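Give me a model of this one.
(one chain, ligands or ions: 1)
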Amino acid sequence: MKITAVKGIPLRCSCEPISDALSTSTARQALLVQVETDAKITGIGEAFTYGAPLAVMKYLVENQLGPMIVGRDAEDIEEIWTTMYWRTIAHGRRSLIMGAISGIDIALWDIRGKAEKKPVAELLGQVSDRVPSYASGGFYAAGKGIDGLKAEIEGYLKQGYRDAKIKIGRNLDRRGPLRYMAIQDNHVAVEEDWKRIETAKALLGEGELFVDTNASWDAEMALEQGKELRRLGVSWLEEPIPFEDLAGFRRLCRELPGLQIIGCETQQGLGNFKTMVEEGALDMVQPDLGWAGGFTECRKIGAMAAAAGKKISLHCFGSAVLFAASLHMAASMANTERMESEENPNPLKSELIADGFAADGRMSFYVPQGPGLGIELDWTKIEKYTIIV
Ligand SMILES: [Mg+2]
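All right, here's what the predicted structure looks like:
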C-alpha cells in the first residue's frame, strides 16, 4: 500500500476573544493532514499549530515532508517517522517540524487501522474503553469577571464533569512576559486570581481544581505562589515556567509536595520528555499528540513515563480529529490518569463530526469504535472552514 499524496487542509474560524496568562485567541485554527494511498485508503491526522501561520505548516507537510514519504509503504510507520526526523535533524527536532511530523504520523496510524479494520487504540494495545477527562476552560474574557467564571464552572458540573482547569497569571503588576504580548486586555490583579481559584474550588467541592499559567512565571514566583495554591486546595500547577528552566522545575517538584507539577504541552519528542522525567522536573507528563510526535513518539513517551512511575495526562486543544486521536492514545496507556477536554466554544471540535463524542455520566469519553480513528468527518463543515493560505 503505497503513499500517493500528502496534503494539508488549513481550517480557521473566528471566535470571541479568550485569553490565558499570555496569549489571546481571536480565532481557532487547525491543520488537518490527509495521506492518500494507492489502496484507496485515506488517512486523516492533525498537526497542532499553537497559532503558527497555517501557510507554513501546510508548506512543511506538503512540500518538505510529503515528498520524503510519497511512494513509500504506508505500513512502515516507524521507518517513515525516523526518516522524517533525520532528514530534518539540523533545523527540526522540535517546533513546527515536529508538529508536522505528528500530523502525518496520526494519518498513517489512521490508514493502518482502516486497512486492518481495527480502531487505532486496539492496534496500540487498548487498556480501557473510555478515558476520564476534566473540563478545560476558565479563560479570561472581556466582562467575564468572577460571575462569568462561576456560571462557566456551574455549567461544567451540570454536564457531569467533576474536575476542572482554569487559567491564572494574567497579571501585569509582576513585570511578567504579558507586557511583551500584542494584546494585553483582560489582565487582572493577583488578588483577583485568588478569588477566581476560591470561587472555582468552592463550586467543585470534592472535585479537583487544576490551574495553568502557560509558562508565564519564573521559578521564584512559582515557589511563592505554589504554597498559596496548595493552601487553596489546587491539585496541579500546569507548566508554571518555561521548560528550558529544568533546575526551576526540579525545585518546584521538590519544594512543593502536595501540589503536582505537570507539563509540558509545549515540549516535544521522547528525548526531551525523558530528560525532564529523569531530572525529577515533572510529577505528571502532559504531551500533546499533535505536537509531541504523534502516536509513534507519544507511545514511547508514555512507556518512558510508566517506567519512571509517572502518570500521563494528554494535552488536547485542537479539532475533533486531534480529540479523537488523543482518545485512542490515552486509552492505550495504562498510566493515563485523565485527558484534557477543552470546553471553550470551538466549531472545529464540535462541528467536524456529526454525532460528537460520547461520554458516560462522569464525562469519561468513549474511544470511537470504527476502524482507524473511528470518526466520520462532515466534509461540508471542513469545506466551510477551509481557508486559502
Ligand atoms: Mg496548558
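
tell me the mean pLDDT for stretch 155-173?
In this model, stretch 155-173 has a mean pLDDT of 96.

Let me know whether that stretch sits next to the ion.
No: Stretch 155-173 does not reach the ion (C-beta under 5 Å from the ion); its nearest approach is 7.8 Å. Using the backbone N, CA and C atoms, a C-beta is placed for each residue, glycine as well.

what phi and what psi does the backbone show at the residue in the chain positioned nearest to the ion?
Nearest residue of the chain to the ion: D212, at 4.3 Å (C-beta to the ion). Per-residue torsions, D212: phi -140, psi 120 (degrees, to the nearest 10).

And it, how close does it get to E340?
Per C-beta to C-beta, to the nearest Å, D212 is found 10 Å from E340.

Could you do A52 as well?
Counting by C-beta to C-beta - A52 and E340 are separated by 20 Å.

repeat for V389
27 Å.

higher neighbour count, the two?
Set V389 next to E340 and count neighbours by other C-beta atoms under 10 Å: E340 wins out with 24 against 14.

Provide the partner residues of that one in its beta bridges.
Beta bridges link E340 to Y134, judged by DSSP bridges.

for F210, same thing?
Bridge pairing for F210 - DSSP bridges - gives K165, W236.

so it makes contact with Y134?
Yes: using C-beta atoms under 8 Å, F210 is in contact with Y134, at 6.8 Å.

just to revisit the earlier point, setting aside sequence neighbours, what's the nearest residue to the residue of the chain closest to the ion?
Distances taken as C-beta to C-beta, 6 or more residues apart in numbering place E238 nearest to D212, at 4.0 Å, with adjacent residues excluded.

pLDDT score for that neighbour?
Note for E238: predicted pLDDT of 98.

Counting neighbours, what do you get for it?
Around E238 there are 25 residues (other C-beta under 10 Å).

which residues sit in contact with it?
Contact partners of E238, counting by C-beta atoms under 8 Å, 6 or more residues apart in numbering, are K165, F210, V211, D212, T213, I262, G263, E265, Q286.

Give me the buried positions along stretch 364-377.
Neighbour counts over stretch 364-377 (16 or more other C-beta atoms under 10 Å) mark S364, F365, Y366, V367, P368, P371, G372, L373, G374, I375, L377 as buried.

should've said stretch 138-145
Neighbour count says stretch 138-145 has G138, F139, Y140, A141, K144 buried, by 16+ other C-beta under 10 Å.

Show me where this protein has its strands.
3-19, 24-37, 42-47, 130-136, 164-167, 209-212, 236-238, 260-263, 284-285, 311-312, 339-342, 364-366 (DSSP state E).

Mean neighbour count, those: which tops it?
strand 42-47 (a mean of 27; mean count of other C-beta atoms under 10 Å).
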